[in-house]
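>>> Below is the sequence, then the predicted model.
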Amino acid sequence: MFWDNYYKKEDGFYYFAWNTLATKDGGCIIAATRNNIDTQGNKVDLYLLKVDSLGNYTPTNIKKEIKQEQNVFVYPNPGNYEINLHTPENMNGAEFCLYSVSGKKVLNQYIENGRATINTCHLQKGIYIYELRKNGEVLSRGKWVKQ
C-alpha cells in the first residue's frame, strides 16, 4: 500500500492505511487514518473506504470533525484479554463501542466513575475501532489492536 505512513507536505497531513479486508465482490475495505502535523494526534480523521474489484470507490459527502477528548486513555494497546479505560468525570454515562474493521459492533459498555475494565476474551485477534459516545455525540475515536 502506498498510503502507509505517507506525509504530504502540501497539506500537512500524515496518512496511514493500517488494514485491508477482502470483500466477496472482489473488492476490499481499507481502514486508514489522517493526522494533521499541527494537532499531533489530538484530532484524527478515520477512513473506511469500500473499493470495488476495479479499484473504484464511491466517495461520500459525510464530513464530521470529531474533537478528540484529551484525557481519554485506552490501554493496553495492543492488548489481549481486557481493555482498561480512563476518562474525565464529565464522560460518566458515556457508551464505549468497539467495532470490527468491517463495521460490525462487537462490544459496548457504559462508563461509570470515569473508569472501566472491559473483557475482550471473546474477540478474535485483529484491529478494532472504538468510539466513546454520549448523548448521540462521538467524543473520542481510535483504534485498538488485539494480539
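Arrived safely, thanks for sending. Predicted, not measured: the structure shown is a model, and the values here were computed from it.

>>> how does the protein divide up, domain by domain?
In terms of domains, the chain is parsed into 6-51, 73-146 (source: automatic domain parsing).

>>> and these as JSON lines, adding distance to Tyr57 and mean pLDDT?
The C-beta positions use only the backbone N, C-alpha and C, and glycine is treated the same way. Listed next are these as JSON lines, based on distance: least, CB to CB, whole Å; pLDDT from 0 to 100:
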{"stretch": "domain 6-51", "distance to Tyr57": "5", "mean pLDDT": "71"}
{"stretch": "domain 73-146", "distance to Tyr57": "15", "mean pLDDT": "88"}
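
>>> Give me the distance between Lys146 and Phe13.
28 Å (CB to CB, to the nearest Å).

>>> scratch that, Gly114 is what I was asking about
32 Å.

>>> what's the answer for Asn35, then?
In terms of CB to CB, Asn35 sits 7 Å off from Phe13.

>>> What about Arg141, how many residues nearby?
By the criterion of other CB atoms under 10 Å, Arg141 has 20 neighbours.

>>> Quick check: it touching Arg133?
No: using CB atoms under 8 Å, Arg141 is not in contact with Arg133, being 9.4 Å away.

>>> Now do the contacts for the closest residue to Lys134 other than its chain neighbours.
In space, and not counting its chain neighbours, Lys134 is closest to Ala94: 4.1 Å by CB to CB, 6 or more residues apart in numbering. Shown in contact with Ala94 (CB atoms under 8 Å, 6 or more residues apart in numbering): Thr87, Tyr110, Ile111, Leu132, Arg133, Lys134, Leu139.

>>> Identify the farthest-apart pair in those residues.
Tyr110 and Leu139 (13.3 Å; CB to CB).

>>> Which of those two has more residues huddled nearby?
Leu139 (20 against 11).
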